[in-house]
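Undergrad: Here is a sequence together with a model predicted from it:
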Amino acid sequence: MITAHPEHGPDELCDVGTRVYQRALDEGWVTLRDVDETPCLIDMGLLGTAAGNPDRLEPVTPSIALQRLLRASEDRIADERRRGQRIADAFEPLMRAGAHAAGTNTPMLRILGSNEHTNRAITETLAAAKTETLTIQPYRPHLTRRPEVHAAAIARDQAFLDRGGRIRALYQHSVRHIAYTRDRYERLSGDVEARTLDEVTERLIIIDRTVAFIPASADRSLALEVRHPALIAYFVNTFDRLWHLATPMHPQAVHQPTLNGITPRQRAIAALLIEGHTDSDIADRLGMNVRTARVHIAKLAATLGSESRAQLGYLIGQSGILDREE
């Protein structure tokens with residue numbers, strides 16, 4: 001008797017699927033009947049039809065399957081980024097107008113005119129919060145973080161956690177090696193999780209799924225306080241999609257594997273090089289300083305045997321490290 005397949009995400013493998021896939025690896029094949037209860041194995045590309053025997057399925061090598069899934073995740077991240085830019089462009093006139101909710105005194109969109117004003121608004125909102133804070137925090141090496149500001153943010157978040165709140169945060173992969181980030185999560189106690197991606201959106205803070213804060217200027221001197229339900233729902237949906245694509249950092253760290261001597265960081269840089277970005281653009285998008293970006297580019301060039309920037313782009317394309325298929 002076939003039992004119902006358990007609900008899970010498109011990139012997740014259920015317990016039954018894991019056992020069947022392991023058996024396929026051990027024995028070299030399984031039958032079509034063996035996967036009646038585990039369609040996720042075929043959907044995720046972990047099994048393929050055996051040549052000359054349509055009733056048998058053979059396993060795809062785990063390393064190849066992993067890279068295919070990672071590439072699919074990267075494609076979805078890029079799609080979300082483009083979608084986010086389109087919605088930002090569409091709402092730009094509304095943000096400039098500072099639209100208000102009909103029949104209420106609370107503005108749906110409010111400009112906060114300084115960093116102090118923004119921090120005060122976030123602190124006041126978080127002090128009244130009860131359930132959840134979602135944050136995207138892009139790392140900018142050139143921005144200084146005063147110790148007292150860092151300590152105040154930790155105290156503010158800890159008070160929220162002590163009231164039973166939950167914190168989820170997204171960063172770039174580069175912050176895994178930053179001392180202040182490790183210090184932050186070593187000092188926080190409660191329901192707090194952090195994950196990382198190659199690239200994240202601009203800064204976003206969502207509190208109790210009712211109020212959000214986003215930058216309103218390139219230098220972050222201005223911020224926008226958002227209370228419009230449609231915009232909040234969009235921000236939450238974007239965060240949730242990025243969260244499921246991200247790599248856990250805290251409380252348990254997971255690291256991506258190196259492929260043919262090319263690290264995940266170098267693959268991210270290679271993708272941006274192919275798109276024609278400068279060293280400064282690459283450093284800014286991946287949350288590192290320009291010197292570090294150039295070190296990674298030099299290592300990538302050495303691995304691929306490149307002697308010039310132009311040749312490096314050609315060799316990246318020829319190497320297959322960015323291809324969809326192995």
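TA: Perfect, I can see it now. Bear in mind that the values here come from a model prediction, so they are computed numbers and not experimental data. Numbers count the residues shown, from 1 in each chain.

Undergrad: domain ranges for this protein?
TA: The record assigns the chain these domain ranges, following automatic domain parsing: 15-60, 66-250, 264-319.

Undergrad: okay, these in JSON lines with mean pLDDT and mean neighbour count next?
TA: In short, each C-beta sits where N, CA and C put it, glycine included. As requested, the domains of the chain are exported to JSON lines (pLDDT from 0 to 100; neighbours: other C-beta atoms under 10 Å):
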{"stretch": "domain 15-60", "mean pLDDT": "82", "mean neighbour count": "16"}
{"stretch": "domain 66-250", "mean pLDDT": "83", "mean neighbour count": "16"}
{"stretch": "domain 264-319", "mean pLDDT": "81", "mean neighbour count": "17"}
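
Undergrad: Does residue 312 touch residue 273 like I think?
TA: Yes. Between residue 312 and residue 273 there is a contact under C-beta atoms under 8 Å: 6.7 Å.

Undergrad: Could you pull out the residues contacting both of those two?
TA: residue 297 (C-beta atoms under 8 Å, 6 or more residues apart in numbering).

Undergrad: Name the helix or strand for residue 213, please.
TA: Under the criterion of DSSP states H and E, residue 213 resides in strand 211-215.

Undergrad: Could you identify the helix or strand that succeeds that strand?
TA: For strand 211-215, the following helix or strand on the C-terminal side (DSSP H and E) is strand 223-226.

Undergrad: Start from the N-terminal end of the stretch 51-200 of the chain and give the strands.
TA: 53-59, 109-112, 132-136, 166-172, 191-197 (DSSP state E, counting those that start in this stretch).

Undergrad: The last one pairs with which strands?
TA: Counting by DSSP bridges, the strands paired with strand 191-197 are strand 166-172 (parallel), strand 247-250 (antiparallel).

Undergrad: Endpoints of stretch 303-310, how far apart?
TA: 15 Å (C-alpha to C-alpha, to the nearest Å).

Undergrad: same question but for stretch 253-265, I mixed them up
TA: First-to-last residue span, stretch 253-265, C-alpha to C-alpha: 16 Å.

Undergrad: CA atoms only for the strand holding residue 213 - export them in CSV, please.
TA: Written as CSV, here are the backbone C-alpha positions of strand 211-215 (Å, rounded to 0.1, in the frame of the first residue of the first chain):
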residue,chain,number,x,y,z
VAL,A,211,6.5,47.4,10.5
ALA,A,212,9.6,47.4,8.2
PHE,A,213,12.6,49.7,7.8
ILE,A,214,14.5,50.0,4.6
PRO,A,215,17.1,52.5,3.3
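
Undergrad: Which of the strands of the stretch 51-200 of the chain sits closest to residue 78?
TA: Shortest distance between residue 78 and the strands of the stretch 51-200 of the chain, using C-beta to C-beta, is found for strand 191-197: 11.1 Å.

Undergrad: how many degrees apart are that closest one and strand 132-136 in direction?
TA: Relative orientation of strand 191-197 and strand 132-136, computed by axes from the mean of the first three to the mean of the last three C-alpha atoms, to 10 degrees: 20 degrees.

Undergrad: can you list contacts of strand 191-197?
TA: Under the criterion C-beta under 8 Å, 6+ apart, residues 77, 157, 161, 164-173, 175-176, 181, 185, 242-243, 245-251 lie in contact with strand 191-197.

Undergrad: roughly how far is it from the heart of the chain?
TA: Taking C-alpha atoms, centre = their mean, to the nearest Å, the mean C-alpha location of strand 191-197 is offset from the chain mean by 10 Å.

Undergrad: Let me see the backbone angles for residue 314.
TA: Dihedral pair for residue 314: phi -60, psi -40, per degrees, to the nearest 10.

Undergrad: pretty sure residue 273 contacts residue 296?
TA: No. Counting by C-beta under 8 Å, residue 273 does not reach residue 296; the two are 10.3 Å apart.

Undergrad: That'll do, ta.
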